[in-house]
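Trainee: Pasting a predicted model and its sequence here:
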Amino acid sequence: MLVSFLAGMLAIGLTALCLPYFNLLTGKDMALTWEMAGALITTAVLAGLISGSYPALYFSNVSPIQAFKAQSARVRQTLVVIQFTITIALALGTVVVYRQVRYAQRRPVGYTRGGLIRVTMNTADMYGLSYNALRSGLLATGAVTDMAESSIPSTTAPTLDNDFSWEGKPPGYIPQMGVVGVTFDYGRTMQWQIREGRGFDRSFPSDTGGVVINEAAQRLMGFRVPTGKIIYIGGTPRVVLGVVRDMVMGSPYAPVQPTIFSLWKEGLNAMVVRLNPAMPLAAAIDRAARVFRKFNPEAPFDYHFVDDEYAQKFMDEERSSRLVALFAGFALFISCMGLFGLASFMTEQRTREIAVRRVLGADVRHLWALLAGGFARLVVIACTIAIPLSYWVMRHWLRQYAYKAPLAWWVFILIPAATLLLAVATVSYQTLKAALTKPSAGLKADA
């Protein structure tokens, strides 16, 4: 209980020191209170009481020494297996979460995020600005290659509607698609990828009655050759000008929604500007800000990088990955410390046996295999439990994502193998030290 109490006091001090860094890691604002400290001390004392009671009660009820040794050995082995099962499971979970986040981050998004900024339309005057005059002013600076407006930001999924019809639509079928209002220059500004047909073009006045659809919408409507097809939106006919590759606007882990892009003159709430990559970023932002202040001097130039807004979609998963990695590291450290202590205890108990084996001709390699092999077997047992358990848990965790990384077989081989090597390395110091001790010294120490 005294040892647990001292450990609890030390833990409180370390928590107070590490809490600012933990808050930075998790994006939270947690504080250590007196109630939490008291609960921690109480838990530590109770842990010491429970842990210390087991050998005390066992000694008072069991007299045969050999029975005690056999039972305590089984208890120690069970605890080692449990420790390393948890450690390996956490390590496997860390790698799977990390791979899932990176897999989604590398997902093709259908447009170029780099150099794209979203300008907040934060005042009524911003909505009243002359779009063509503002665009011409930005292009004249040389800092901007294009700009456009849309009904929603490029990192926001459109609201689904069901008032659509087209030739060949099954009777009674109610499709769910999103409609995004855009200006003529939206496709060039976003640098979306045309798959079939073409995008909106100012040189074709008839494009005001046309639409561009994404691949998901083409699949939903079943068009093999979509260009020139007629889609009725709210009863109004629209001609399909082309098909663009699916743009990831909502969750990067979810399927892309079927989306129709249509030319609007009103109801445009988001402005996107593509900066000139040939100009330094700070200079380009400064020149663009001057134009906005000229056209709307009362409103601050509030902008956001689309890259940063897209990165925010991964914050929860990245935070989970960092936390699981942190806990896995602690679990591995604690497990190795326990294994090191157990190896020290076991080799000390077998000092005379080792000395006798040395006298009878056993070499260091044989003794190392004898002593370290027992611990390695325990970790192998932990691996056989942790691998299928982790696979089952992580497979169910990945089911929440429609766009998910495959469970790579090598992860479930490499991580347990690395843990086994680390465990063997941990006990090797004590086992080699005992194996290299002179037999005479071993016999004297035991005597």
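Mentor: Received, thanks. Numbering: from 1, shown residues only.
Trainee: mind giving me the domain ranges of the protein?
Mentor: The chain breaks down by automatic domain parsing into domains covering 1-61, 64-106+314-446, 116-312.
Trainee: can you redo those domains as a markdown table with mean neighbour count and mean pLDDT?
Mentor: C-beta: built from backbone N, CA, C; applies to glycine. Below are these laid out as a markdown table (neighbours: other C-beta atoms under 10 Å; pLDDT from 0 to 100):
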| stretch | mean neighbour count | mean pLDDT |
| --- | --- | --- |
| domain 1-61 | 12 | 84 |
| domain 64-106+314-446 | 16 | 81 |
| domain 116-312 | 17 | 90 |
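Trainee: What segments of the stretch 101-250 of the chain are helices?
Mentor: Using DSSP state H, counting those that start in this stretch, the helices found in the stretch 101-250 of the chain span residues 124-128, 131-141, 186-190, 215-221.
Trainee: mind putting the ones you listed in CSV, distance to L326 included?
Mentor: Formatted as CSV, these follow (distance: least, C-beta to C-beta, whole Å):
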stretch, distance to L326
helix 124-128, 44
helix 131-141, 45
helix 186-190, 38
helix 215-221, 38
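Trainee: and G209, which of those helices is closest to it?
Mentor: helix 186-190 (16.5 Å; C-beta to C-beta).
Trainee: And the helices of the stretch 101-250 of the chain: which comes nearest T112?
Mentor: With C-beta to C-beta as the criterion, T112 lies closest to helix 186-190 of these, at 7.3 Å.
Trainee: quick one: N132 from L139, how far?
Mentor: As for N132, its distance to L139 is 11 Å (criterion: C-beta to C-beta, to the nearest Å).
Trainee: Check which helix or strand the spatially closest residue to K28 that is not a sequence neighbour maps to.
Mentor: Spatially, and ignoring its direct neighbours in sequence, K28 is nearest to F22 (8.0 Å; C-beta to C-beta, 6 or more residues apart in numbering). Secondary structure assignment for F22, by DSSP states H and E: helix 2-26.
Trainee: Tell me the first helix or strand C-terminal of that helix.
Mentor: Taking DSSP H and E, what comes next after helix 2-26 is helix 34-61.
Trainee: just to revisit the earlier point, for V97, which of the helices of the stretch 101-250 of the chain is the nearest?
Mentor: That would be helix 215-221 among the helices of the stretch 101-250 of the chain, by C-beta to C-beta, at 27.2 Å.
Trainee: and F164, what does it touch?
Mentor: Remark: with contacts taken as C-beta atoms under 8 Å, 6 or more residues apart in numbering, F164 is in contact with 175, 177, 231-233, 260.
Trainee: Dig out what it forms beta bridges with.
Mentor: Taking DSSP bridges as the rule, F164 bridges to I233.
Trainee: A289 reaches F301, doesn't it?
Mentor: Yes. Between A289 and F301 a contact is recorded at 4.2 Å, counting by C-beta atoms under 8 Å.
Trainee: The residue nearest to K28 is in contact with M30, isn't it?
Mentor: Yes. Counting by C-beta under 8 Å, F22 does reach M30; the two are 7.3 Å apart.
Trainee: Excluding residues flanking it in the chain, which one is nearest S130?
Mentor: F295 (7.9 Å).
Trainee: what does I387 give?
Mentor: F412 (5.2 Å).
Trainee: contacting residues around the one you found?
Mentor: 92, 387, 390-391.
Trainee: element containing it, please.
Mentor: F412 belongs to helix 411-436, assigned by DSSP H and E.
Trainee: Distance from that helix to the middle of the chain?
Mentor: Averaging C-alpha positions (C-alpha atoms, centre = their mean, to the nearest Å) puts helix 411-436 29 Å from its chain's average.
Trainee: same check, this time on stretch 368-381
Mentor: Worked out by C-alpha atoms, centre = their mean, stretch 368-381 lies 34 Å from the chain centre.
Trainee: How about stretch 4-17?
Mentor: With C-alpha atoms, centre = their mean, you get 30 Å for stretch 4-17.
Trainee: try stretch 312-322
Mentor: 5 Å.
Trainee: Make 9 the first number, not 1, from now on.
Mentor: All set: I'll call the first residue 9, so the last point we hit is now stretch 320-330.
Trainee: C-alpha coordinates for that stretch, CSV please?
Mentor: The C-alpha trace of stretch 320-330 is given here as CSV (Å, rounded to 0.1, in the frame of the first residue of the first chain):
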residue,chain,number,x,y,z
GLN,A,320,-10.1,19.3,-40.5
LYS,A,321,-12.1,16.4,-41.7
PHE,A,322,-9.4,14.0,-40.4
MET,A,323,-9.0,15.6,-36.9
ASP,A,324,-11.1,13.1,-35.0
GLU,A,325,-9.4,10.1,-36.5
GLU,A,326,-5.9,11.6,-36.2
ARG,A,327,-6.6,12.5,-32.6
SER,A,328,-7.7,8.9,-31.9
SER,A,329,-4.6,7.6,-33.7
ARG,A,330,-2.3,9.7,-31.6
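Trainee: Now do the SS call for C391.
Mentor: Of the three states, C391 takes helix according to DSSP: H, G, I helix; E, B strand; the rest coil.
Trainee: So it sits against L429, correct?
Mentor: No. Contact criterion C-beta under 8 Å: C391 and L429 do not qualify, at 11.7 Å.
Trainee: follow-up on the earlier one: out of the contacts of F172, who's nearest L10?
Mentor: Minimum distance to L10 across the contacts of F172 is 68.6 Å, recorded for M185 (C-beta to C-beta).
Trainee: For the closest one, list each beta-bridge partner.
Mentor: For M185, the beta-bridge partners are D169 (DSSP bridges).
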